[in-house]
Structures are given as structure tokens and as C-alpha cells.
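**Q** Give me coordinates for this.
(one chain, ligands or ions: 1)
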Amino acid sequence: MIDIHSHILPDLDDGARSWEEALKMAALAAEDGIQIMVATPHLFKDRFNNMEVINDKATILVKIQEFKEKLFEEQIPLEILPGCDVHLCLRALDLLEEDRILTINDTQSYMLLELPDMAIPPGMENICFQLKSRGITPIITHPERHFLIREMPKKLKRFMDLGCLVQITASSVLGGFGRTVARFTRELLKKGYVHVVASDAHNTRTRPPALRRAVEEAARIVGKARAWDMVTTVPDKIVKGEPLD
Ligand SMILES: [Fe+2]
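**A** Numbering: from 1, shown residues only. Here you go, the predicted model:
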């Protein structure tokens, strides 16, 4: 399986806090059957307090290299690719212009895009359009956890019509974010609004890097083949920068 969303790199955000924890997360992921994981630290190290400290391309690439060496030393069979969890804002567009934001696996084809917690900004459609016109497909992360999207699923459909993809969090399907989120996640799956399932792992305990159980649950809703595509063939194209067609 391929996991395109994880906070496994230490000391860059609210994910892993040490190399030790990162390696434990990697071992858990490998055990679950994840072969490739995209490390996607939040663009803003602390977006609630300081939007100036950013995890730019250079910062993340250095950590990725360090992590690869550690995984090799520990003989953990997990391939790590670079990425970034980009919080939607105008500043992000400037940073993209300056080539300081990592797209998934640095292919300039797909980018994780997280909506602000309490809003769907009116400029969102324009940002999607701008990204698409640069050849970058935004992947909207965990809309099932966004209360406004839950109230207006049509908004999500609108972003899909603009060419965005949708990624849900694995544990949402399993009730990890509560019953309301689980119910809405199932609704999104039923409607065909989900392209990818990813772990959005932050640690080993409460938000671990695991996909298998979620896929099995999703399979009960969309069928086995489609559910497995969401963690294999679809993310494979995403990390290679190929169109989904
Ligand atoms: Fe995330």
C-alpha cells in the first residue's frame, strides 16, 4: 500500500517528536502492509501562532535524506518520499511561486491542500483554478472532518468538478473521529467522492500509520476492488505524478 499523508518526520510539526518515534511509526506502517509513505509535514510549523516559520522544500528534503539513512540502518522496509501538508492561504500561493513548497514526491503534479478549520474561504475556487493552471492537482485532505463540508457536501463536489481529488483519513472510516464523522465518511464513499485513503499519522498510539483495517471497512461500502485502488493504484499514480484518467 501507499500512504500519501503522514506526519512522520520529527520536530517539524505536531507529528513524531523524535527519530525514535519516527522509526517506530515506520515499523508499524511496514507491518500494516504500507510499502511507500509520503512524509507530509505541515507547511507552517505552528500555524496557530506563527505563520513565519515554515517547513519549506529544502528543510523537508534534508530530513527525508536523514530518515532514509536511518531506515536503511534499522532495516525497516519502508520507502519514504517527500511531500507537504499545505494549509490553504494566500501566503501558500506566494511560497509556491518561490518554489519553496513541496508537491507530492516533488513532481509538481499533486499537492495536499488542507482547508482552514472554521471556514471554506471564498477564494478557494480561485486557488484551485490557479493550481490547476500550473499543472498541480490539489488533493483536499480529510473533508469528512470539516463541519462546513459536512453541512454542505455539495461544496466538495464543486471542488471535485474543478479538478480536485479527495483524500479521507483512514481512522475516520473506523470511528476514530467519532460517529458523526464516521457516518459522513461512509456517505462520501457511497457518493463516490473519495479518491484516496491515507493515514495522516501523527504518532504510534492515538494516530498511528495504518490503512489496512480502514480499507477493509471501505470495501464493505464501495467493494473490494475500488477500496484497494484507494491505497494502491490511485496513490501510485499520484506519487509518480501521472494523471488518474
Ligand atoms: Fe495532516
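**Q** any idea where the helices of this structure begin and end?
**A** In the chain, the segments counted as helices under DSSP state H are 19-32, 57-74, 90-97, 124-133, 147-151, 153-161, 170-173, 179-191, 212-222, 224-229, 233-240.
**Q** which residues touch the closest residue to Phe177 other than its chain neighbours?
**A** Spatial nearest neighbour of Phe177, chain neighbours left out: Arg145 (5.7 Å); criterion: C-beta to C-beta, 6 or more residues apart in numbering. Every C-beta, even on glycine, is put in place using the N, C-alpha and C of the backbone. For Arg145, the contacting residues are 169, 172, 177, 181, by C-beta atoms under 8 Å, 6 or more residues apart in numbering.
**Q** What's the separation between the third one and the ion?
**A** Distance, Phe177 to the ion, by C-beta to the ion, to the nearest Å: 13 Å.
**Q** Tell me which residues touch that residue, please.
**A** Counted by C-beta under 8 Å, 6+ apart, Phe177 has contacts 144-145, 169, 171.
**Q** What is the burial count for Arg17?
**A** 12 (other C-beta atoms under 10 Å).
**Q** mind checking pLDDT for it?
**A** For Arg17, the model assigns a pLDDT of 97.
**Q** hang on, it packs against His7?
**A** No: using C-beta atoms under 8 Å, Arg17 is not in contact with His7; the gap is 10.4 Å.
**Q** for the chain, where's the lowest mean pLDDT among helices and strands?
**A** strand 50-54 (a mean of 77; mean pLDDT, DSSP states H and E).
**Q** Nearest spatial neighbour of Ile64, chain-adjacent residues omitted?
**A** The shortest distance from Ile64 to any non-neighbouring residue, by C-beta to C-beta, 6+ apart, is to Pro82 (4.8 Å).
**Q** now the one you found: how far from the ion?
**A** 15 Å.
**Q** what's near enough to touch that residue?
**A** 38-39, 57, 60-61, 64, 102, 105-106.
**Q** Widest-spaced pair of those?
**A** Val38 and Lys57 (13.9 Å; C-beta to C-beta).
**Q** Between these two, which has more neighbouring residues?
**A** A direct count of neighbours by other C-beta under 10 Å for Val38 and Lys57 places Val38 higher, at 27 against 18.
**Q** how about the residue located most distally from the centre of the chain, what does it touch?
**A** Distance from the centre of the chain peaks at Glu73, with 26.7 Å (C-alpha atoms, centre = their mean). Listed by C-beta under 8 Å, 6+ apart, the contact set of Glu73 is empty.
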